[in-house]
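generate coordinates for the sequence data below:
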Amino acid sequence: MRTVYFGTSDFAVPPLRAIAASPDHEIALVVTQPARRRRRGGKAETTPVGHAADELGIATFSPESVRDPDALERLTAIEADVAVVASYGQFLPKPILEWPRHGCVNVHASLLPRWRGATPVARAILAGDVETGISIIRLVRKMDAGAVILRRATPIEPHETTGELEARLAELGAACILDSLADLDAGRAVDEQQDEALVTLAPRFEKSDGLIPWASPADVVARHVRGMSPRPGAKSTLRRPGADDAGVTVARCRVATPATDGADAAGAAGAEPGTVVATAGDGPTVATGEGGAVVILDVVPPGKKRMAAADWVRGRGIDVGDRLG
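The predicted model follows:
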């Protein structure tokens, strides 16, 4: 089938490569967001999908807005059987939704109708979901509300971060989109309407959403760290007597248990949430709500690269009784 591909982020790269490698499909054009500066004074950088398209020798188009009349005219002039959308970053207007012969389909990283929106992977981890997956849906004018033509589940591993799970789902999405395109081409795709009563939403995060809720139970704190990695990051502030407060991003932690941490885990009982109750071993043990604790394993101090939390403890002179909050 002749395809136009809309995508921007790393998540959208494996499906693009899968379609490009298939002898059953031709990608007429890749549409991606314009190059952006990631930091002040830096050079504008092409999107991950733009880089992949260049490597594959596929023409790209990067309009500021697909609603622009010139962009609409260029796109709808292409003879396309289907448009595939994966993590593109713009809403597609009605003329584009109605232009390809088979319409537009979206590769979405959740088991819809659960987690409609921009952050489905992180929200699944934060909520303690035991599985997630890929849904291939028909695009409609309401966000992620179209009929599902394929849904495939996968377990969420106990220590998986959002970044790790997204990478795995991207590969699953690549396999799913090939199956869905085959079904569309053969006329055997079946539309399953979503149950609106089961919808949950996955809105974008604000920076403040990254703040670690130390007063929550230990398993919630650990899920928060996993869910916020790599963006926006699980943030906290180190407070020590006689020293300036210092921000830190917790990149990895685990729940402390008596079996693995002995007296360090037991020492959290009765401690104020956020209090460092031990500093030996893999990293600092920090009290959480309900008498629990987590062991911080990796951190990213401001302006520095990710490091082992044990090295951070030694470098900052962190001691029992210091607070994170």
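
CA only for contacts and neighbour counts going forward, please
Noted.

regarding stretch 76-84, how distant is the last residue from the first?
End-to-end distance for stretch 76-84: 14 Å, by Cα to Cα, to the nearest Å.

before we move on, what about stretch 259-268?
Start-to-end span of stretch 259-268 (Cα to Cα) is 14 Å.

so what touches that stretch?
The contact list for stretch 259-268 (Cα atoms under 8 Å, 6 or more residues apart in numbering) reads 256-258, 277-278, 285-288, 291-293.

run a quick neighbour tally on the closest residue to A293 other than its chain neighbours.
Nearest in space to A293, with sequence neighbours left out and distances taken as Cα to Cα, 6 or more residues apart in numbering, is A287 at 4.3 Å. Residue neighbour count, defined by other Cα atoms under 10 Å, stands at 34 for A287.

where does pLDDT dip in this structure?
Within the chain, the stretches with pLDDT under 70 are 39-42.

longest helix in it, please.
Longest among the helix segments of the chain by residue count, using DSSP state H, is helix 162-186.

which strands and helices sit next to the lengthiest strand in the chain?
With secondary structure taken from DSSP state E, the chain has its longest strand at strand 246-255. Packing contacts for strand 246-255, counted by 3 or more Cα pairs under 8 Å, 6 or more residues apart in numbering; DSSP states H and E, involve helix 218-227, strand 234-239, strand 293-300.

where's L165 relative to E206, distance?
21 Å.

so which of the two has more stuff around it?
Legend: neighbour count by other Cα under 10 Å for L165 and E206, higher for L165 (23 against 8).

quick check, the more buried one in contact with R123.
No: using Cα atoms under 8 Å, L165 makes no contact with R123, being 11.8 Å away.

for G321, which non-adjacent residue is closest in space?
Leaving aside its sequence neighbours, G321 sits nearest to V276 (Cα to Cα, 6+ apart; 5.3 Å).

list the helices and strands the helix or strand just after the longest helix of the chain packs on?
Proceeding C-terminally, helix 162-186 gives way to strand 201-202 as the next helix or strand, assigned by DSSP states H and E. With contacts defined as 3+ Cα pairs under 8 Å, 6+ apart, the packing partners of strand 201-202 are strand 116-117.

quick one on the thing from earlier: out of the helices and strands packed on strand 246-255, the one nearest A182 is which?
Closest to A182 of the helices and strands packed on strand 246-255 is helix 218-227 (Cα to Cα; 33.7 Å).

other residues contacting that closest one?
Helix 218-227 is contacted by residues 121-123, 125-126, 128, 159-162, 212-214, 233-234, 250-256, 288-290, 292-294 when judged by Cα under 8 Å, 6+ apart.

can you check stretch 106-117 too?
84-87, 120-121, 123-124, 132-139, 143-145, 148, 151-153, 166, 169-170, 173, 177, 194-196, 198-204.

what about that stretch, how long is it end to end?
For stretch 106-117, the first-to-last residue distance is 12 Å (Cα to Cα).

now the helices for the protein?
Using DSSP H, the helices assigned to the chain run over residues 13-21, 48-56, 69-76, 94-97, 120-126, 162-186, 218-227, 258-261, 263-266, 309-316.

just put those helices in JSON lines and tack on distance to L29.
Below are the helices of the chain laid out as JSON lines (distance: least, Cα to Cα, whole Å):
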{"stretch": "helix 13-21", "distance to L29": "11"}
{"stretch": "helix 48-56", "distance to L29": "9"}
{"stretch": "helix 69-76", "distance to L29": "9"}
{"stretch": "helix 94-97", "distance to L29": "14"}
{"stretch": "helix 120-126", "distance to L29": "27"}
{"stretch": "helix 162-186", "distance to L29": "17"}
{"stretch": "helix 218-227", "distance to L29": "34"}
{"stretch": "helix 258-261", "distance to L29": "54"}
{"stretch": "helix 263-266", "distance to L29": "56"}
{"stretch": "helix 309-316", "distance to L29": "46"}
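
looking at those helices, which is closest to Q33?
The nearest among those, by Cα to Cα, is helix 48-56 at 8.2 Å.

contacts only, for M307.
The contact partners of M307, taken as Cα under 8 Å, 6+ apart, are 298-300.
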